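Trainee: quick one: sequence and predicted model below, then my questions.
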Amino acid sequence: MAEEEHEDFSNTAASGASLTYPMQCSALRKNGYVVIKGRPCKIVDMSTSKTGKHGHAKVHLVAIDIFTNKKLEDLSPSTHNMDVPNVRKNEYPLLDIDEGFFSLMQDDGSTKDDVKVPDNELGRKIEEDFAAGKELLVSVTSSMGEEHCLGYKEAPK
């Protein structure tokens, strides 16, 4: 079972790129990224507690899931490694919107048709502007085998 799941993710990341890399907890920084409960998150707050007589300093992390905006927290010894997600942002010209998915132009001229239109205010604004005939660049954030549109702007003339 575990092997099948691994294969499933390998084709969504860039070839040879791993989904995460380890970083010592004490080296993490606010506004950086971290994996909490298996989700890619942006750190919004962190504090370190002092050690007991024989204990280790603990780092308290507060982070926001970059895709769902849910708040997650974690407590980890400062000497332990935590996973940091590889996060990529790409902008694509929007060609069409079809049945809840964007049709985006990739650098090589092929189309990318697997990014969902967000089911929120952002998605509605993109659809409105596109329907009004505006040329749009859609910003797609990818991390840990997931891709979501998290923004857009009008293409420069």
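Mentor: It's in.
Trainee: return the set of buried residues in stretch 79-90.
Mentor: M82, D83, V84, P85, N86, N90 (16 or more other Cβ atoms under 10 Å). C-beta here means a position set from N, CA and C on the backbone, and glycine is covered the same way.
Trainee: give me the contact list for that stretch.
Mentor: For stretch 79-90, contacts defined as Cβ atoms under 8 Å, 6 or more residues apart in numbering pick out 13-14, 17-26, 28, 32-35, 40-41, 56-57, 66, 74, 76, 139-144, 150.
Trainee: with stretch 110-129 instead?
Mentor: 92, 94-95, 97-98, 100-106, 136, 138, 140, 147-152, 154.
Trainee: now do the same end-to-end measure for that stretch.
Mentor: Terminal residues of stretch 110-129 lie 23 Å apart, using Cα to Cα, to the nearest Å.
Trainee: please renumber so the chain begins at 13
Mentor: Renumbered: residue one is now 13, and that last one reads stretch 122-141.
Trainee: next one: that stretch to chain centre, how far?
Mentor: How far stretch 122-141 lies from its chain's middle: 16 Å, per Cα atoms, centre = their mean, to the nearest Å.
Trainee: same deal with stretch 57-67?
Mentor: Offset of stretch 57-67 from its chain centre (Cα atoms, centre = their mean): 29 Å.
Trainee: start to end distance for it?
Mentor: Note: stretch 57-67 ends 23 Å apart using Cα to Cα.
Trainee: ok, and what's touching that stretch?
Mentor: S38, L40, R41, K42, A69, K70, V71, H72, L73, V74, S90.
Trainee: separation between the fifth one and H92?
Mentor: Counting by Cβ to Cβ, to the nearest Å, the separation of A69 from H92 is 11 Å.
Trainee: tell me the SS of the residue lying farthest from the centre of the chain?
Mentor: Relative to the centre of the chain, and counting by Cα atoms, centre = their mean, the farthest-placed residue is K65 at 38.9 Å. Secondary structure, DSSP: H, G, I helix; E, B strand; the rest coil: K65 is coil.
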